[in-house]
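Novice: generate a structure from the sequence data that follows.
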Amino acid sequence: LALLRAGRASVVIACGVDELFPVLYETLVRLRVPSPRGRGTEACRPFDQRHNGPVLGEGATAVVLELPEHAQRRGAPMLAEVRSACWGGIPTRPGRFPVLCQGHYPILEQALAEAAVRPEDVDMAYLSSCGDPQHDALELACIADTFGPHGPLLTSVTHLTGEYGALGTFRVAAAAATVRQGLSPTLDYLHQPIRT
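Specialist: Numbering: from 1, shown residues only. Take a look at the predicted model:
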């Protein structure tokens, strides 16, 4: 996005690839990251009281980002417009999995402000929702802080794909494709939501 905005490129292919190799898997297991974390069965159930960690997956996704005039010249259909991109992180000590603490994380407000979009104009949000109890609770708290009690439809694709780093790119592609087709994916596995 920065390359496009700076005029250094007219088209960029953004890719994300993850391979679940032995050292990574063993490290995450030692940190007690993946489901089932010693209780229940292995399953990715974001935002459900039965969640017990992410199910790890592998994947690759690529999204073509280009300037509108470049897409028009080549006759490409434009599925979505990227109006902002923001990153944030949670500090942690080396060798430790981040512990998510309650607090105010302004990343959503930053993204909306940069895009010049009001919270009430957002109809649907694709969440990362990995199935980690702390992560899911914090993500919902951020959504509630930003959008209030009557926010957008919340959805995710993590329960279908497993959790992997390239999933962020996949979420962008999934959002563009489903919104363009008028689809509203639902989290039909939810039986005991952690929040309404």
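
Novice: report the central residue of the protein.
Specialist: The centroid of the chain falls nearest to residue 128 when counting by C-alpha atoms, centre = their mean (3.1 Å).

Novice: which residues in this protein form strands?
Specialist: Per DSSP state E, the chain carries strands over the ranges 11-18, 59-66, 124-126, 153-155.

Novice: so which of those is nearest residue 24?
Specialist: Ranking those by proximity to residue 24 (C-beta to C-beta) places strand 11-18 first, at 8.9 Å. C-betas here are computed from N, CA, C, even on glycine.

Novice: hmm, back to that, output the strands of the chain in CSV, with mean neighbour count and mean pLDDT appended to each entry.
Specialist: Below are the strands of the chain laid out as CSV (neighbours: other C-beta atoms under 10 Å; pLDDT from 0 to 100):
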stretch, mean neighbour count, mean pLDDT
strand 11-18, 14, 87
strand 59-66, 16, 87
strand 124-126, 18, 84
strand 153-155, 17, 84
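
Novice: compare those strands and give me the one nearest residue 145.
Specialist: For the strands of the chain, proximity to residue 145 was assessed by C-beta to C-beta; strand 124-126 is nearest, at 13.1 Å.

Novice: just checking: what are the partner strands of that closest one?
Specialist: Within its sheet, strand 124-126 is paired with strand 153-155 (parallel), according to DSSP bridges.

Novice: name the surrounding residues that touch the partner strand.
Specialist: Taking contacts as C-beta atoms under 8 Å, 6 or more residues apart in numbering, the residues outside strand 153-155 that touch it are 47, 123-127, 143, 184-187.

Novice: same check, this time on stretch 27-40
Specialist: Applying C-beta under 8 Å, 6+ apart, the contact partners of stretch 27-40 are 42-44, 50-56, 96-97, 131-132.

Novice: from those residues, list the buried ones, please.
Specialist: 43-44, 50-56, 131-132 (16 or more other C-beta atoms under 10 Å).

Novice: rewinding a little: which one of the strands of the chain lies closest to residue 108?
Specialist: Comparing the strands of the chain by their distance to residue 108 (C-beta to C-beta), the top pick is strand 124-126, with 8.8 Å.

Novice: thanks again, I'm all set now.
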